[in-house]
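> Fold the following, please.
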Amino acid sequence: MITDFLDAHHRHLNDADSLFNASRLANADHLYGMAAECGLKRLMMAFGMQIGSTGDPKQEKDKQHADKVWVRYETYRSGHVQGLQYGLPSTFPFDDWKASQRYEKEERFYYARVEPHHSAAHAVHALLKSAERAGLV
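This is a model prediction of the structure:
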């Protein structure tokens, strides 16, 4: 298997939006986190994150989900000349998101809980589109 963070980002975001629009908020929320994680990891690659032969990050501290990769991304972005124009929103929207939430009851997911993750995943998507236009990814 070869990891493709860009493809995974697009796939997870598309599925998350479909679920969000169908009011399937629990699964949408999970996929928004996955979409943000994959998008940020693709940008981190452009900013110097080392990957192994299968496309996965080499360093353990880069093998994080959305709740932790947001901070790792800033480490790579701030150390790269072109990174200055790829800043994230100043708030940290995934501080209440965990990959293990996929096991929670659906009733615990409501619009106000999911919307910040929806917005953040789309903010990452916008950064990726900009990076694609610039030939960075």
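
> Could you use CA atoms for every contact and neighbour count after this?
Will do.

> Burial check on residue 49, number of neighbours?
Neighbourhood size, residue 49 [other Cα atoms under 10 Å]: 19.

> Over to residue 22?
When neighbours are counted by other Cα under 10 Å, residue 22 comes out with 10.

> wait, residue 54 sits on residue 3?
Yes - judged on Cα atoms under 8 Å, residue 54 makes contact with residue 3 at a distance of 6.0 Å.

> So between those two, which is more surrounded?
Ranked by neighbour count (other Cα under 10 Å), residue 54 and residue 3 place residue 3 first, with 15 against 11.

> If we ignore the residues flanking it in sequence, what's nearest that one?
Nearest non-adjacent residue to residue 3, counting by Cα to Cα, 6 or more residues apart in numbering: residue 55, 4.7 Å away.

> List the contacts of the one you found.
By Cα atoms under 8 Å, 6 or more residues apart in numbering, the contact set of residue 55 is 2-4.

> Please apply the same query to residue 88.
Neighbours of residue 88 in contact, by Cα under 8 Å, 6+ apart: 123-124.

> Next one, pLDDT for it please.
In this model, residue 88 is scored at 90, pLDDT.

> show me what contacts the residue nearest to residue 2 when sequence neighbours are not counted?
Once flanking residues are discounted, residue 2 sits nearest to residue 54: 4.6 Å by Cα to Cα, 6+ apart. With contact taken as Cα under 8 Å, 6+ apart, residue 54 is in contact with 1-3.

> Surely residue 54 forms part of a strand?
No - under DSSP: H, G, I helix; E, B strand; the rest coil, residue 54 falls outside any strand and is assigned coil.

> Now it: phi and psi?
phi -100, psi 0 (degrees, to the nearest 10).
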